[in-house]
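*Asks:* turn this into a structure:
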Amino acid sequence: MGTPLPSIPAKRYFTIGEVAELCGVKPHVLRYWEQEFTQLRPMKRRGNRRYYQHHEVLMIRRIRDLLYDQGFTISGARNRLQELAHPARDDSGTDAALNGDGLDSQMPSMLVDSARDLSIEAMGFTLDSNAVRKELFEIRALLSLN
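*Replies:* Below is the predicted model of the structure:
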């Protein structure tokens with residue numbers, strides 16, 4: 001499996017170079033994957049520069065895992081991502097992927113899987129609800145000044 005991937009910083013946007021480093025692939029591989037996986041649609045700005053959001057970095061890590069670690073082909077990985085995004089329904093009409101832990105069946109299962117795979121601690125920070133609440137109040141105060 002190799003060395004573990006670095007934690008994902010708490011940023012809104014990432015350049016292709018940053019994503020390549022965070023995911024352990026080269027930028028040209030990311031550009032190729034954009035053609036092969038329709039779910040990857042980074043925002044393009046000035047000069048066609050790509051900017052990826054946090055959920056896209058998680059998806060790229062998922063794709064990398066499927067291709068490099070689990071040995072899927074491109075089409076196999078594409079099919080697996082489709083299965084995760086649109087889980088099969090059983091006879092009772094509920095999601096087969098829903099495992100009774102109270103998760104909303106409308107939530108894309110890929111996000112649920114990503115959340116399970118990446119614990120908060122693995123991303124390099126811990127969440128303290130009081131600290132988060134305090135920071136949100138500070139942000140709101142700053143915004144109300146404008």
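
*Asks:* and the helix or strand containing residue 130, what's its mean pLDDT?
*Replies:* Using DSSP states H and E, residue 130 maps to helix 129-145. The average pLDDT for helix 129-145 rounds to 78.

*Asks:* equivalent analysis for stretch 22-35, please.
*Replies:* When pLDDT is averaged over stretch 22-35, the result is 96.

*Asks:* quick one: the strands in the chain?
*Replies:* Secondary structure of the chain (DSSP state E): strands located at 13-15, 43-45, 49-53.

*Asks:* got a list of contacts for the second one?
*Replies:* Outside strand 43-45, the residues that touch it by C-beta atoms under 8 Å, 6 or more residues apart in numbering are 13, 50, 51, 52, 53. Heads up, the C-betas are built off the backbone N, CA and C, glycines and all.

*Asks:* kindly recompute the last result at 7 Å.
*Replies:* 50, 51 (C-beta atoms under 7 Å, 6 or more residues apart in numbering).

*Asks:* the strands of the chain: which one's closest to residue 138?
*Replies:* strand 13-15 (22.0 Å; C-beta to C-beta).

*Asks:* quick one: strands adjacent to the closest one?
*Replies:* Sheet pairing of strand 13-15 (DSSP bridges) gives strand 49-53 (antiparallel).

*Asks:* the bottom helix or strand of the protein by mean pLDDT?
*Replies:* helix 109-117 (a mean of 51; mean pLDDT, DSSP states H and E).

*Asks:* re earlier: which one of the strands of the chain lies nearest to residue 84?
*Replies:* strand 49-53 (18.5 Å).

*Asks:* same question for that closest one: list its buried residues.
*Replies:* For strand 49-53, burial by neighbour count (16 or more other C-beta atoms under 10 Å) applies to 50, 51, 52.

*Asks:* how near is residue 135 to residue 39?
*Replies:* Distance of residue 135 to residue 39, computed by C-beta to C-beta, to the nearest Å: 31 Å.

*Asks:* neighbour count winner among these two?
*Replies:* residue 39 (17 against 11; other C-beta atoms under 10 Å).
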